[in-house]
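Visitor: predicted model follows, preceded by the sequence.
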Amino acid sequence: MARFLKKRIENKGSAPGTLIFIGEKKMEESKLSIIDFNKDELKETPIENTSDLIPYKNSDSVTWINIYGLHNTEMIKQIGEIFDLHALLLEDILFTGQRPKLEEFDNCLLTVVKMIRYDDSLKQIHSEQLSLVLGTNFVISFQEQKGDVFEHLRDRIRMNKGRVRNSGSDYLFYSLLDTVVDNYIYSIERIGEQIEEMEDDILDRQDKTFLNDLRVYKREVSYFLKITRPVLDIMMRMLKLETELIKPKTIQYVKDLQDLVIHCSDSLLTYRELLTDFLTIHQTDINNRMNEVMKVLTVFSAIFIPLTFIAGIYGTNFDYLPELHYKYSYFIMLGIMVLAALNMMFYFKRKKWF
Amino acid sequence: MARFLKKRIENKGSAPGTLIFIGEKKMEESKLSIIDFNKDELKETPIENTSDLIPYKNSDSVTWINIYGLHNTEMIKQIGEIFDLHALLLEDILFTGQRPKLEEFDNCLLTVVKMIRYDDSLKQIHSEQLSLVLGTNFVISFQEQKGDVFEHLRDRIRMNKGRVRNSGSDYLFYSLLDTVVDNYIYSIERIGEQIEEMEDDILDRQDKTFLNDLRVYKREVSYFLKITRPVLDIMMRMLKLETELIKPKTIQYVKDLQDLVIHCSDSLLTYRELLTDFLTIHQTDINNRMNEVMKVLTVFSAIFIPLTFIAGIYGTNFDYLPELHYKYSYFIMLGIMVLAALNMMFYFKRKKWF
Amino acid sequence: MARFLKKRIENKGSAPGTLIFIGEKKMEESKLSIIDFNKDELKETPIENTSDLIPYKNSDSVTWINIYGLHNTEMIKQIGEIFDLHALLLEDILFTGQRPKLEEFDNCLLTVVKMIRYDDSLKQIHSEQLSLVLGTNFVISFQEQKGDVFEHLRDRIRMNKGRVRNSGSDYLFYSLLDTVVDNYIYSIERIGEQIEEMEDDILDRQDKTFLNDLRVYKREVSYFLKITRPVLDIMMRMLKLETELIKPKTIQYVKDLQDLVIHCSDSLLTYRELLTDFLTIHQTDINNRMNEVMKVLTVFSAIFIPLTFIAGIYGTNFDYLPELHYKYSYFIMLGIMVLAALNMMFYFKRKKWF
Amino acid sequence: MARFLKKRIENKGSAPGTLIFIGEKKMEESKLSIIDFNKDELKETPIENTSDLIPYKNSDSVTWINIYGLHNTEMIKQIGEIFDLHALLLEDILFTGQRPKLEEFDNCLLTVVKMIRYDDSLKQIHSEQLSLVLGTNFVISFQEQKGDVFEHLRDRIRMNKGRVRNSGSDYLFYSLLDTVVDNYIYSIERIGEQIEEMEDDILDRQDKTFLNDLRVYKREVSYFLKITRPVLDIMMRMLKLETELIKPKTIQYVKDLQDLVIHCSDSLLTYRELLTDFLTIHQTDINNRMNEVMKVLTVFSAIFIPLTFIAGIYGTNFDYLPELHYKYSYFIMLGIMVLAALNMMFYFKRKKWF
Amino acid sequence: MARFLKKRIENKGSAPGTLIFIGEKKMEESKLSIIDFNKDELKETPIENTSDLIPYKNSDSVTWINIYGLHNTEMIKQIGEIFDLHALLLEDILFTGQRPKLEEFDNCLLTVVKMIRYDDSLKQIHSEQLSLVLGTNFVISFQEQKGDVFEHLRDRIRMNKGRVRNSGSDYLFYSLLDTVVDNYIYSIERIGEQIEEMEDDILDRQDKTFLNDLRVYKREVSYFLKITRPVLDIMMRMLKLETELIKPKTIQYVKDLQDLVIHCSDSLLTYRELLTDFLTIHQTDINNRMNEVMKVLTVFSAIFIPLTFIAGIYGTNFDYLPELHYKYSYFIMLGIMVLAALNMMFYFKRKKWF
């Protein structure tokens, strides 16, 4: 499947805003869970029925609703109705080939980003779409699959560490994005280490795997950049939004996060440049080696081919070939051969060919 | 014919605003059809005479007028007169080598884009010019040929699915553009799949077809980018327009569409980069292979040429060549040859030449 | 002569604003002609004496004054005095190595552009500087040589076709620029056709002319881009000017022209990219061919050199060489040779070398 | 360790604003020292206890507090409490993989930059993070290690040279940054000298060390650019800040510093371009040399292989081989050989192959 | 010495604003001269003592003070005191490794640019720093060495040609810059001519000097661009300055100058691109030639090596080798050889290898 662009074709004929899940069905059942908290209390309940969510809509506490699995469009539609979400917002969530983006709606904010996991053995980045909806007192997160990077964050909420419990939904929203970006940095670092390791081998390795590694890393860095760059736009726009949803106190944190994303993008660009340099240097090195090979061939050929020719002449069976009959002919021939060979060697030595 | 730039030469001498059809005549007859609808009613009539269009000009319902074939300049002129269209607008529609663009007129909006169809067997993109005129209560679409991508949209209007029937001409206008962009995404995905398939072969295939494929995809991606980039400008300008023609409610949809176009352009840029990388890697791989070939040649030559020379010496017919007459000369010679060959092989082994 | 930058050295010591003609004198005599028109009347008179121009300065009709040949600085100075033109404006007109530009003066507007002619046989672009001065009721055009691209325009004025006769000097000014840009498009298309023709040959031709053609087209496209890009700036600035000289009605036409210039520049950039791709692909193709050549050499050498060596051994004249005297020695040797050759061929076959 | 991106992973799970030191512990103990001065007096005292810093918070004099070693998070937390520093500010200081940045807080300004040291023998840049906090009457500098580039500045303060003693904390802050940038320039110059030295060798050296040097310099220049570019952003933002912390008098100095940083970045970009050119030229040169080698091989082979063949024919032992028995056969053969060789040599001479 | 970045290291420890001359001492003595003029009068006097300059500070006439040689820091300090120049301004003048820049001070404007001289024989650009200080009624120019490009300008002032005598100090300031830019254009043109001359040779020359020339021109063009680009910034900022020092009348001239500088920079970019293309084409041409060489080698080897092998077989001395004893064996062998050779030639001919 085209990895750089997900299929949207099933949707081609349908009206914009129609809810159609576009993506691979990555798990059996959609799951729904909530964490509802304020400074003093915390409630964590598994939700069976979407209607259980209604009381949380206008509560005073902060509610984090998490959904795993997007193929249950009916459930997502119901959630949309409860929290009064725009049809386009829901459509964006279900189309998993989305470009990361921020969209402002009347009553909420949608951010779609990619969660990254770097697979060391495959040397490949796995990404999953994460959609975050920020309302005045809730955050809804939509994930393609079970298993995420937010366990630490949940622990912090549960144990009341850090500022999350004392802050509003905007800080929770920021914390989720911060966790995602932290994972970007971790993955880039993993790739970076492997790329920098390649560097030491660059003038020694000449096998195909080296070239293949180069190619793979280049592709992954390109792919990562494609994911990261729009996140930069998201941060930039988030700082310029004239919304009440993000409080001034949280802005400083978002700025900090923006710096991290710039850092990611800078590092990826530097790695891409490094890999391009590696390729050019590798190519030059191959040419250098070929030159070496050619010199060996040429030196051997240029020395022995003429000598073989001389021997060939005296191997002819002409009746009348006077040199054959002198006593020292053979030794003279050998002498001439040695001189010719030395001469050639001297010539190649001067040319620094060996 | 120059594909990247259509002939405008026939028009060279004529006054700007003179109606001249520039392009290939792609069908026999120009055809005209309308769909007129509002929330409750729908009327679909083939139109024989342009004057039949007059009642639709100031009606309350939304009218979609579609024209196939542009060579009937007289008909287009009449339509222009009925709907009060600027002379330059009509000229733009007739010049099929147009760069995609958005132009604002006093009473309407013109958008010229390319409709894309990807031909798998030819690995080539076919594009056709589509001009859309948005008025307060009508949309006029001009196509070069019969056959388009809008059948699904027509069905939605007929069956009153989605929002089209309940919205104004601006939403219809948006829906047409949305359908065009959906086709872009589908085509890019088709190309993308084929490019990503090539990747697996990159270190195995060395035939000319591979190089040719690379070239063809590169050209098509370039061509596609040339079509897509101006569409981005169109979207950007559409969001900044201070026009009453596009209602605030529709703006959110246009933003969504803009994101999709950015997605297209991003993907095309990534594919272009990928193809450039493929080419470099392919070239390095060729050099690698040549190096292999050279090593084999050199190893064989460097081992056997000196040995042949030695044999040559003892093939000479000198009367006095003492070594020939000793009993073990032949075996000593063979021994020396084996030693020399082993020596060379050891040397090449150490150089990792085989 | 440096084609990408014209000599301004003769002017090095002189004060800015001194009138010195810089360029080649391309014709014997400077020639002056006018077309004076309004809606109803048209007067076309050859002008002998610059003082004949005085009545046209404040007339109600639109006057187009055209000058061929720039070396008659005296005449140009007199025209400058009559129409009250700034000294720097006149200097700009005379310096034919000018970068295309738009300059706003108190009472008039100066545009300097290049008129393009593409010479098919030389595969070269010829450019000539055209300076246009727009006043409230006149346009003055300065050309280096007799012969221009405006004959169609003149006919339209004479026969009162199009809008020129009914519009002011700004529309005439626009029409002149439009004609120039139409010629750009025609030339780009001519080059484009030839470039796209090359594409089919890219994997077949290996002669030097191909490489030379690539080089020539690359240079011409670069040169053309250098001429076109500043025209884009001119258009952009023209739309932003706060001048009374260009009436609102004409603005729509200028926008249309701007689109055409963007189209030109886009096409040139795409062609440049295409040519760069051609070069890389051509280079890869050369390497591919060399690889083929090397394989043939290696296969022949690796098969026959060892065999020749074996034959060489039994060509030696040792007194005691037992194999020579067995009855089937010769046939055994032949057999071994055939086996060795088949072995090698099998090895090379597996390596897909032939 | 990935040099282009420092580990932030240890921090992955912790709440933003939690103080965790991220980096290598580069020294045993954290050290704290202050210089407190005004126009007339100077006090320099080693500080044992962070509480000793309290009186300096609201003093009239300017206080420069310097901390070496960042692993003592407790101490840094206490300093933060005394001077009322934001939790994110402290977190930024402790994360040594920071991208250089400027951050504005309510009561102070944070700048994080890299201090550079160029190691000639390793041809490598060593960088250490420096965080500067500017308050109304104090500057706090945080360094990773003991040993810095500020000794000259301290001397100037002690001996009351220049403007530092007569200016506020903002000038001290500027002076620290100026010293850091001066070291950038010095390092770039050192790298530059070595790069420009390489240039003379470019067509002579063909060993691997040359290629390796190219690679190393390219990487270091990339790395340096990655450090310098954000400093440019810092300068730009510093000039746009609407803060009372930087007085108008100091702005002129910051502008001057900005020019220096642009100079740095310009030079690095030029060096990068130079190195890329070197690589291409080196590669072309290698190809040129290979061409030379090939010509020698071809000339030798093409002359002697046919001659050896001729000799081979007359070395055959056919019973009936008439040429063998004529008297002058041998000399005729020699003559033909000389003619053939001359002929080939003439052919190669004309091709300019030797 | 690093040419792209001048040493500022001597200054590393000193306070900003301390006057230290950084650069090579290019002449024995610093020299001072003035030209003082207004519409009617002109006074040109050599100045021995800086105090002689005091009367010119507030005079009504325009005074041009020129200083050759910058190592006499004492003299420059005194001039600074007389004309009330900022300490940073003087420091900028003395640091000859300055990036071209414009700096606005309270009472004056500083512009630092490079004066260019192109040395044809060395194919190298020599640059010298020129600092211009514009005050209300004076211009002070600081040059590193005696000998400049302003002699023509001085003559124009002396003979009252052009506008200089009738205008203020701002026009003089402009005239100096205009002269400097005229020299840029002249130098670029000289380089350009040589580059365009190279183009004809590109497919003929294969010696090292060609490659070396390419390298040298590339470097010089890079260097020139590095000097020219900041001049563009200077022009842009000059047009945006809100200063009384430059009168509106002069602005038109500055705009004209800006166009020239853009022209310079455009031309340099085009030449850089041309040179890069040259290099790629040269490289492809080398590969083409190598291919030719390889083909010759392969054709010779593939034809003669098998033939030599056949001859080798019949040169063996086996007792029982039946073919040797037939009467026509020799002729049959010759025949087979001719057929094999013809066959190979036909094969190579079909492959278009010769």
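Guide: Happy to help now that I have it.
Visitor: so the residue nearest to the spatial centre of chain A is in which element?
Guide: For chain A, the residue sitting closest to the mean C-alpha position, by CA atoms, centre = their mean, is A:Phe224 at 3.3 Å. Taking DSSP states H and E as the criterion, A:Phe224 maps to helix A:208-240.
Visitor: before we move on, what about A:Met294?
Guide: Here A:Met294 is assigned to helix A:248-314, by DSSP H and E.
Visitor: let me know whether that helix sits next to chain C.
Guide: No - using CB under 8 Å from any CB of the partner chain, we find that helix A:248-314 stays clear of chain C, coming within 8.7 Å at best. Bear in mind the C-beta positions are built from the backbone N, C-alpha and C, glycine included.
Visitor: report whether that helix contacts chain B.
Guide: Yes - applying CB under 8 Å from any CB, one finds helix A:248-314 touching chain B at A:279, A:282-283, A:286-287, A:289-290, A:293-294, A:296-297, A:300-301, A:304-305, A:307-308, A:311-312, A:314.
Visitor: hmm, the residue nearest to the centre of chain A is touching A:Tyr118, no?
Guide: No - with contact defined as CB atoms under 8 Å, A:Phe224 does not count as touching A:Tyr118 (9.1 Å).
Visitor: identify the contacts common to these two.
Guide: Common neighbours of A:Phe224 and A:Tyr118 (criterion: CB atoms under 8 Å, 6 or more residues apart in numbering or on different chains): A:Ile125, A:Ser187, A:Ile191.
Visitor: list just the nearest of those to chain C.
Guide: When those are compared for distance to chain C (CB to the nearest CB), A:Ile191 wins out at 27.4 Å.
Visitor: touching chain B at all, the helix or strand where the closest one lies?
Guide: Per DSSP H and E, A:Ile191 falls inside helix A:169-201. No - Helix A:169-201 does not reach chain B (CB under 8 Å from any CB); its nearest approach is 13.9 Å.
Visitor: quick one: buried residues of that helix?
Guide: A:169-196, A:198 (16 or more other CB atoms under 10 Å in any protein chain shown).
Visitor: swap in stretch A:80-97?
Guide: For stretch A:80-97, using 16+ other CB under 10 Å, the buried residues are A:80, A:82-83, A:85-97.
Visitor: can you get me a residue count around the residue of chain A found nearest chain E?
Guide: Minimum separation of chain A from chain E (CB to the nearest CB) falls at A:Gly315, amounting to 6.8 Å. A:Gly315 has 27 neighbours, counted by other CB atoms under 10 Å in any protein chain shown.
Visitor: go ahead and confirm it touches B:Phe309.
Guide: No - applying CB under 8 Å as the test, A:Gly315 and B:Phe309 come out as separate, 11.6 Å apart.
Visitor: in chain A, which helix or strand is least confident?
Guide: Taking mean pLDDT, DSSP states H and E as the measure, strand A:42-46 is the helix or strand of chain A with the lowest mean score, a mean of 86.
Visitor: now do that one: distance to the chain's middle.
Guide: How far strand A:42-46 lies from its chain's middle: 35 Å, per CA atoms, centre = their mean, to the nearest Å.
Visitor: what is that strand packed up against?
Guide: With contacts taken as 3 or more CB pairs under 8 Å, 6 or more residues apart in numbering or on different chains; DSSP states H and E, strand A:42-46 sits against strand A:31-37, helix A:151-158.
Visitor: output the following helix or strand past it as PDB, nothing but the C-alphas.
Guide: Downstream of strand A:42-46, the next assigned helix or strand under DSSP H and E is strand A:62-68. Taking C-alpha atoms only, strand A:62-68 is exported to PDB below (Å, rounded to 0.1, in the frame of the first residue of the first chain):
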ATOM      1  CA  VAL A  62     -11.700  17.900  33.600                       C
ATOM      2  CA  THR A  63     -12.600  14.800  31.600                       C
ATOM      3  CA  TRP A  64     -10.300  12.800  29.400                       C
ATOM      4  CA  ILE A  65     -12.100  10.400  27.100                       C
ATOM      5  CA  ASN A  66     -10.000   8.000  25.200                       C
ATOM      6  CA  ILE A  67     -11.200   5.800  22.300                       C
ATOM      7  CA  TYR A  68      -9.200   2.900  20.900                       C
END
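Visitor: shaky segments in the stretch 201-350 of chain A?
Guide: Filtered on pLDDT under 70, the stretch 201-350 of chain A yields the residue ranges A:206.
Visitor: report the closest residue of it relative to chain B.
Guide: Closest point on the stretch 201-350 of chain A to chain B, by CB to the nearest CB, is A:Ala311, at 3.3 Å.
Visitor: any idea how far that residue is from B:Tyr328?
Guide: Relative to B:Tyr328, A:Ala311 is positioned 21 Å away (CB to CB, to the nearest Å).
Visitor: so for those two, which sits in the more crowded spot?
Guide: Set A:Ala311 next to B:Tyr328 and count neighbours by other CB under 10 Å: A:Ala311 wins out with 25 against 11.
Visitor: list the contacts of that one.
Guide: Applying CB under 8 Å, 6+ apart, the residues near A:Ala311 are A:Met333, A:Met337, B:Phe309, B:Gly312, B:Ile313, B:Gly315, B:Thr316.
Visitor: give me the nearest residue to it, chain neighbours excluded.
Guide: B:Gly312 (3.3 Å; CB to CB, 6 or more residues apart in numbering or on different chains).
Visitor: show me the helices in the stretch 1-150 of chain A, by range?
Guide: A:73-82, A:87-94 (DSSP state H, counting those that start in this stretch).
Visitor: need those helices in JSON lines (columns: mean pLDDT and distance to chain B).
Guide: Listed next are the helices of the stretch 1-150 of chain A as JSON lines, based on pLDDT from 0 to 100; distance: least, CB to the nearest CB, whole Å:
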{"stretch": "helix A:73-82", "mean pLDDT": "91", "distance to chain B": "15"}
{"stretch": "helix A:87-94", "mean pLDDT": "88", "distance to chain B": "6"}
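Visitor: need those in JSON lines (columns: distance to A:Ile67).
Guide: Below are the helices of the stretch 1-150 of chain A laid out as JSON lines (distance: least, CB to CB, whole Å):
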{"stretch": "helix A:73-82", "distance to A:Ile67": "7"}
{"stretch": "helix A:87-94", "distance to A:Ile67": "9"}
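Visitor: tell me which of those sits nearest to C:Leu245.
Guide: The closest of those to C:Leu245 is helix A:87-94. By CB to CB, the value is 46.7 Å.
Visitor: having no further points to raise, I will conclude here.
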